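Student: have a look; sequence and predicted model below, questions after that.
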Amino acid sequence: MRAWATALWLSSILAAQTPALADNPPSETSFHLSQVDFTYPATYHSLRQVDFRNLPLHLVDVFAEPKDLPLKHGKYELISQPLGSGFEVPTLDSVRRLPSAAHSREEFSVAFYTDTYGGGSSNTDGIAQVFALADGQLKIVQQMTWDEHFSPPGNWYMRFSNGVLTIRSARYLDGDVHCCISGMDVVTLKWSGSRFSQTRMVTERIKSSEKPAKQ
């Protein structure tokens with residue numbers, strides 16, 4: 001989705017749920033799970049010392065170079081010049097502690113963000129980053145991104161309970177246009193004590209009454 005949205009942005013600068021379709025659908029998913037190895041320069045004795053609301057967001061983009069966005073009070077606003085040619089507004093939504101594997105010296109948390117960006121049109125991504133702390137070093141070890149540019153049944157995109165993370169991400173099916181998405185991927189991931197592992201992805205068709213994308 002970000003590739004499509006980036007192309008739209010650049011072009012603007014330059015001029016009720018139904019049964020699953022398949023466990024391995026042929027079209028491209030907008031959900032991405034990345035293994036990350038990024039270390040913050042500051043040292044911490046505990047994750048409780050980390051001020052996530054003012055911690056720079058190191059965003060790994062599967063289609064571009066990583067970037068650092070300096071959050072302030074949980075939010076950052078980037079407005080491109082000339083005014084209105086593009087924008088990006090990432091926001092920290094929540095942080096959850098994660099249990100460590102037995103006998104592990106590492107501490108883990110997962111932070112959830114919403115990133116709204118665009119130019120001629122806007123898009124919204126969900127982001128989850130897994131943080132690990134060991135020997136005073138704070139690292140990002142995983143990142144998940146998904147496309148929230150649609151209205152899902154029940155109006156939720158992410159749920160996390162008992163170590164199971166469920167994500168709904170927009171999927172363009174054949175014939176879909178940017179405004180009107182007819183599919184979504186339902187992705188299930190399980191926490192192992194050190195990483196999330198994807199256990200399932202199912203594509204479901206969205207009823208026509210639920211198809212209009214968020215504006």
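Tutor: Noted; the coordinates are in hand.
Student: now do the helices in this structure.
Tutor: Taking DSSP state H as the test, the helices found in the chain are 2-14.
Student: center of it, which residue is that?
Tutor: Ile127 (2.1 Å; C-alpha atoms, centre = their mean).
Student: return the set of residues that bridge with that residue.
Tutor: Using DSSP bridges, the bridge partners assigned to Ile127 are Tyr113, Thr145.
Student: touching, it and Glu88? I think so.
Tutor: No: between Ile127 and Glu88 no contact is recorded; they are 12.0 Å apart, counting by C-beta atoms under 8 Å. C-beta coordinates here come from the backbone N, C-alpha and C atoms, glycine included.
Student: who touches both of these two?
Tutor: Taking C-beta atoms under 8 Å, 6 or more residues apart in numbering as the contact rule, the neighbours common to Ile127 and Glu88 are Asp115.
Student: on that earlier part again, OK, contacts around the residue nearest to the centre of the chain?
Tutor: Contacts for Ile127 were tallied using C-beta under 8 Å, 6+ apart; they are Leu59, Pro90, Phe112, Tyr113, Thr114, Asp115, Gln143, Met144, Thr145.
Student: which one of these sits in the busiest neighbourhood?
Tutor: Of all those, Thr145 has the most neighbours under the rule other C-beta atoms under 10 Å, reaching 25 neighbours.
Student: check the gap between the residue located most distally from the centre of the chain and Gly193 for me.
Tutor: What lies farthest from the middle of the chain is His103; by C-alpha atoms, centre = their mean that is 30.0 Å. Distance of His103 to Gly193, given as C-beta to C-beta, to the nearest Å: 10 Å.
Student: shared neighbours of the two, which are they?
Tutor: Residues touching both His103 and Gly193 do not exist when contact is defined as C-beta under 8 Å, 6+ apart.
Student: picking up where we left off before, quick check: the residue farthest from the centre of the chain vs Lys190, distance?
Tutor: His103 sits 20 Å away from Lys190, taking C-beta to C-beta as the criterion.
Student: and if you look at Thr29?
Tutor: Here the distance between Thr29 and Lys190 works out to 18 Å (C-beta to C-beta).
Student: higher neighbour count, those two?
Tutor: Using other C-beta under 10 Å, the more surrounded residue of Thr29 and Lys190 is Thr29, with 18 against 14.
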